[in-house]
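Colleague: here are the coordinates; sequence isn't available:
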């Protein structure tokens, strides 16, 4: 971490707008991102633990190597596509 990292605790950044911001190695603990929007964001090697993804949507994204509960998403999507084709 940098010598003097920024630290926000018990702070509201509701409706904040971040553009061209470097949050490399940032930590988010007990954070509410309800209705947040992410565009052109790099999450390479990001880790998500104990996260509520209810009603989240992922579109037009590179999912190479992405895993959910240890399973490659590409394999899950391939199995889904095969099953959909078989049910036609």
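Modeller: Received the coordinates, thanks. Computed from a predicted structure; not experimentally measured.

Colleague: ok, how many other residues are close to residue 76?
Modeller: Counted with other Cβ atoms under 10 Å, the neighbours of residue 76 add up to 15. Just so you know, the C-beta spots here come from the backbone N, C-alpha and C atoms, and that holds for glycine as well.

Colleague: For it, give its distance to residue 32.
Modeller: Applying Cβ to Cβ, to the nearest Å, the value for residue 76 to residue 32 is 28 Å.

Colleague: Residue 85 falls within a helix, correct?
Modeller: Yes - checked against DSSP: H, G, I helix; E, B strand; the rest coil, residue 85 lies within a helix.

Colleague: Please tell me how far it sits from residue 73.
Modeller: For residue 85, the distance to residue 73 - Cβ to Cβ - is 19 Å.

Colleague: When the two are compared, which one has more neighbours?
Modeller: residue 73 (15 against 8).

Colleague: so residue 81 is in which element?
Modeller: For residue 81, the element it lies in under DSSP states H and E is helix 73-86.

Colleague: Show me what that helix is in contact with.
Modeller: 63-64, 66-68 (Cβ atoms under 8 Å, 6 or more residues apart in numbering).

Colleague: give me the low-pLDDT residue ranges for this structure?
Modeller: Counting by pLDDT under 70, the chain contains low-confidence ranges at 1-2.

Colleague: Please, where are all the strands along it?
Modeller: Using DSSP state E, the strands found in the chain span residues 67-68, 71-72.
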